[in-house]
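>>> got a predicted structure plus its sequence, pasted below:
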Amino acid sequence: MKNLPKLFLPFTLLSGIVCGFLRNEMYVDAQSDKLGLIPLHHPNYPILYGIAALLAVLLIIYRFAGPKRPYQIVTKLPIAGIGAGFGALACAYMLFKTEGSTLLLVAQAMGLFGFWGLATAYFAGKKPSLLNMLLPIFMCFGMVLGNLTLWTKLNQTQDYLFDSLFYLFAAIYGIHRLTCASGQKTDYRAGFVWGQAALFCAIAAAAYGHILYFVSLSLWLLSTFFVTPCKMVLPTPVEKLIKMLERAGYTAYAVGGCVRDGMLGLTPKDYDLCTNAKPDEIAKVFDGYELVRNGEKHGTVGVVVDKCLYEITTYRTEGSYADSRHPDWVEFVDDVCDDLARRDFTVNAMAFNPAVGYIDPYGGTADLFHRTLRAVGNPKKRFSEDALRILRGVRFACRFRLIPQKDTLQEMVALAPTMDRLASERVYSELTEILCHIEEGDLLLYKDILLQVLPELVPCADFCQHSRHHRYDVLRHTEMVLCNVPGDATLRWAALLHDVSKPQTFTRDEKGEGHFHGHAGESARVAEQILLRLKAPAALREEVVTLITHHMDLLTPEKPLLRRRLSKYGEPTLKRMIDLQTADRIATGYKKEKHLRDRQKLVDMLKKLSKEEGRLEAKDLAIDGHDLIALGYEEGPQIGQAMHHLLQQVLDGKLPNDHETLKAAAKEFLNNL
Ligand code: ATP
Ligand code: MG
């Protein structure tokens with residue numbers, strides 16, 4: 001369903017073409033009709049339509065059968081050029097060979113180029129070129145004139161009037177979009193009015209026949225509302241903040257991540273604003289609002305609107321970075337473009353203002369829609385200034401499936417060793433985000449960068465397991481486990497580190513088969529060290545250690561076993577344990593379907609158990625420490641032992657959770673101690 005609007009354009013081309021054929025026939029018939037209509041269409045129209053039909057079919061096939069990442073391919077293949085070439089040949093052929101309503105013919109041929117260009121740009125996910133947009137506008141004007149001539153000549157037959165009106169409004173709509181796209185005007189919504197007017201005329205014209213043709217044109221107009229990457233609607237508080245700054249005589253923009261996310265059709269996490277107002281001037285504009293002023297040194301003032309904090313930062317440039325972490329100085333500037341120049345990647349270096357439109361001096365839009373990650377300016381300089389940008393780059397590449405541009409990737413790898421100066425917390429948070437978005441191929445693709453901050457994993461790379469149970473080396477196996485567990489931070493960390501100590505515990509038996517005795521415990525120990533070094537939150541660290549320690553303790557769908565595990569770990573951890581074990585098995589490279597079925601059995605049983613019985617812990621027993629002391633137990637470890645014993649008995653169904661029974665069992669346990 002989501003892709004439906006994407007089919008409007010090829011569909012429009014195709015149905016327009018079919019109707020063209022029909023319409024042509026209709027008027028040829030009409031020629032002999034009593035109405036006395038002149039042959040409206042050119043005798044060689046079918047050639048033009050034939051070529052257009054071929055292109056439209058190609059587009060539709062491409063849409064469905066194209067590669068997974070069409071963005072890269074379309075732009076490399078000169079499909080648009082080939083299409084335009086065909087169109088030009090057809091046009092020339094028809095013009096030289098025959099005569100007829102040449103104006104309409106030329107207009108439509110130009111429109112064909114234009115539509116073709118729009119379609120390919122649209123599949124390539126990039127902004128259409130100026131020519132792409134101008135050609136349909138020319139076509140519209142040609143059609144307006146042609147149809148008006150016919151209208152006056154042909155006793156004012158009404159469908160020609162509607163035809164010309166349709167093309168007139170469509171042309172105005174096109175011009176409007178053109179000016180928007182070139183950044184001169186940005187209220188995209190105003191274009192809607194002209195689009196609607198054109199639609200209305202198309203519907204009216206449809207009443208006079210050739211319905212499909214106009215339905216298809218209408219669909220094309222509609223589709224343009226869906227495809228534009230250029231529509232951005234700011235939330236009301238953000239618009240309000242921008243307007244207030246503008247009213248006070250400053251310029252202001254939404255900037256960075258929110259513009260990028262908006263273009264991708266995602267909901268931004270937060271909205272950052274930038275302005276030429278200095279921090280104290282910002283504070284003055286928002287006098288009376290709750291302000292957060294601790295970032296003023298770097299130009300940032302926080303303003304609270306409707307209980308939400310928005311950061312407004314003065315445009316600034318940055319000096320050199322002696323420590324690869326912080327700029328030596330910052331300087332406030334007046335131009336938003338100077339501020340964009342200090343940002344890390346082109347897709348993050350765009351600004352938007354409802355009245356001005358997009359400011360995109362580094363081609364972030366094109367890069368985003370070509371799925372390219374490119375450093376702003378000289379990559380070597382940018383990564384040497386701040387080594388965190390290297391990890392940020394990997395994060396954006398994984399999160400938005402961007403492909404790093406050659407020089408950018410080369411410098412990211414070359415300067416990876418400078419990341420040792422970064423603060424652990426920042427490395428941890430970047431790594432966590434990367435792990436949560438990683439997909440197959442990413443860990444190996446970025447291994448030279450990631451292993452720089454996770455040196456413990458270096459021996460795992462290309463480490464052959466010499467095992468008939470494992471198809472892959474340790475790092476490749478790790479990557480597969482990562483990609484087969486759900487994307488939550490705890491599980492991803494556990495997956496990344498679950499086999500980190502395999503190389504150190506490796507032995508081979510006399511048959512040459514590889515073994516890794518005790519690798520789970522050892523990996524858990526190393527994982528703990530790594531997470532301590534990176535200052536990971538304690539709760540995450542502890543759970544990761546638990547998951548890794550027990551990742552080899554096979555869980556099977558047996559009620560008593562699951563009941564005991566549920567009591568010990570609780571449902572969320574046990575669920576993660578199941579997921580980690582399943583992914584670990586899948587990543588051996590064998591029997592994926594079976595492992596997924598086993599997992600489902602476990603999950604179903606766990607769900608049922610938690611619903612019916614819940615988690616039973618020692619504190620839920622119908623006996624407590626005081627009762628045990630009354631029975632003659634000494635305070636201390638004896639009580640813990642007894643409670644554990646009683647809990648296991650109850651969990652295994654050997655004893656009911658009943659005060660008197662447990663008391664009797666505790667007495668017996670004491671006697672046997
Ligand atoms: P997210 O959606 O994860 O918040 P983001 O792009 O908004 O992504 P932030 O860390 O919030 O990332 O930064 C906001 C903007 O500030 C970025 O888009 C980028 O333009 C700029 N920026 C942030 N950190 C750096 C950096 N280390 N070097 C250069 N520019 C940076
Ligand atoms: Mg952000």
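Now that the structure is in, tell me what you want to look at. Ligands and ions are numbered 1, 2, ... in the order given.
>>> all helices of the stretch 351-500 of the chain, in order?
364-369, 379-385, 388-400, 406-414, 424-437, 442-445, 447-453, 474-484, 489-497 (DSSP state H, counting those that start in this stretch).
>>> outline the domain layout of this protein.
Per automatic domain parsing, the structural domains of the chain span 4-227, 236-381, 456-612, 618-672.
>>> close to ligand 1: what parts of the chain are there?
Within the chain, the positions lying close to ligand 1 (C-beta under 6 Å from any ligand atom) are 256-257, 269, 272, 343-344, 348-349, 386, 388-389. In short, each C-beta sits where N, CA and C put it, glycine included.
>>> residue in this protein nearest to ligand 1?
Nearest residue of the chain to ligand 1, counting by C-beta to the nearest ligand atom: residue 257, 2.1 Å away.
>>> thought that residue was touching residue 348?
Yes - contact criterion C-beta atoms under 8 Å: residue 257 and residue 348 qualify, at 6.4 Å.
>>> who's more crowded, the two?
Ranked by neighbour count (other C-beta atoms under 10 Å), residue 257 and residue 348 place residue 348 first, with 21 against 18.
>>> could you check how far residue 136 is from residue 337?
32 Å (C-beta to C-beta, to the nearest Å).
>>> wait, I meant residue 526
On the measure of C-beta to C-beta, residue 526 and residue 337 end up 48 Å apart.
>>> out of residue 136 and residue 337, which sits in the more crowded spot?
Taking neighbours as other C-beta under 10 Å, residue 136 and residue 337 compare with residue 136 leading, 25 against 14.
>>> the strands in the chain, which residues?
For the chain, the strands defined by DSSP state E cover 252-255, 272-275, 290-292, 300-305, 308-314, 316-318, 330-332, 351-353, 357-359, 372-373, 403-404, 506-508, 514-516.
>>> related to what we said a few turns ago, quick check, pLDDT for the residue of the chain closest to ligand 1.
Predicted confidence (pLDDT) for residue 257: 94.
>>> residue contacts, it?
With contacts defined as C-beta atoms under 8 Å, 6 or more residues apart in numbering, residue 257 is in contact with 268-270, 272, 348.
>>> ok, and the most crowded of those?
Ranking the contacts of residue 257 using other C-beta under 10 Å puts residue 348 first, with 21 neighbours.
>>> burial check on the spatially closest residue to that residue that is not a sequence neighbour, number of neighbours?
Among residues not flanking residue 348 along the chain, residue 256 sits closest, at 5.3 Å (C-beta to C-beta, 6 or more residues apart in numbering). Each residue near residue 256 was counted by other C-beta under 10 Å, and the total is 23.
>>> residues in contact with residue 256?
So residue 256 contacts 272, 343, 348-350 (C-beta under 8 Å, 6+ apart).
>>> same deal with residue 566?
574, 606, 609-610, 615-616.
>>> by neighbour count, which of those residues wins?
Among the contacts of residue 566, residue 574 has the most neighbours (other C-beta under 10 Å), with 23 neighbours.
>>> tell me how far that residue lies from residue 617.
Distance from residue 574 to residue 617, by C-beta to C-beta: 13 Å.
>>> do the same with residue 487
Residue 487 is 30 Å from residue 617, by C-beta to C-beta.
>>> which stretches of the stretch 51-200 of the chain have low pLDDT?
Applying pLDDT under 70 to the stretch 51-200 of the chain flags the ranges 51-109, 111-133, 150, 153-159, 176-200.
>>> now swap in the chain and tell me
The low-confidence ranges in the chain, as defined by pLDDT under 70, are 1-109, 111-133, 150, 153-159, 176-231, 321-326, 369-370.
>>> picking up where we left off before, and the residues of the chain next to ligand 1, which two are the farthest apart?
The most widely separated members of the residues of the chain next to ligand 1, counting by C-beta to C-beta, are 269 and 386 (20.8 Å).
>>> wait, residue 644 touches residue 618, no?
Yes - counting by C-beta under 8 Å, residue 618 is a contact partner of residue 644 at 6.9 Å.
>>> out of those two, which sits in the more crowded spot?
residue 618 (16 against 11).
>>> contacting residues around the more buried one?
With contact taken as C-beta under 8 Å, 6+ apart, residue 618 is in contact with 643-644, 646-647.
>>> how about residue 523?
Here residue 523 is in contact with 497-502, 548 (criterion: C-beta under 8 Å, 6+ apart).
>>> closest one of the contacts of residue 256 to residue 459?
For the contacts of residue 256, the nearest to residue 459 is residue 348 (35.1 Å; C-beta to C-beta).
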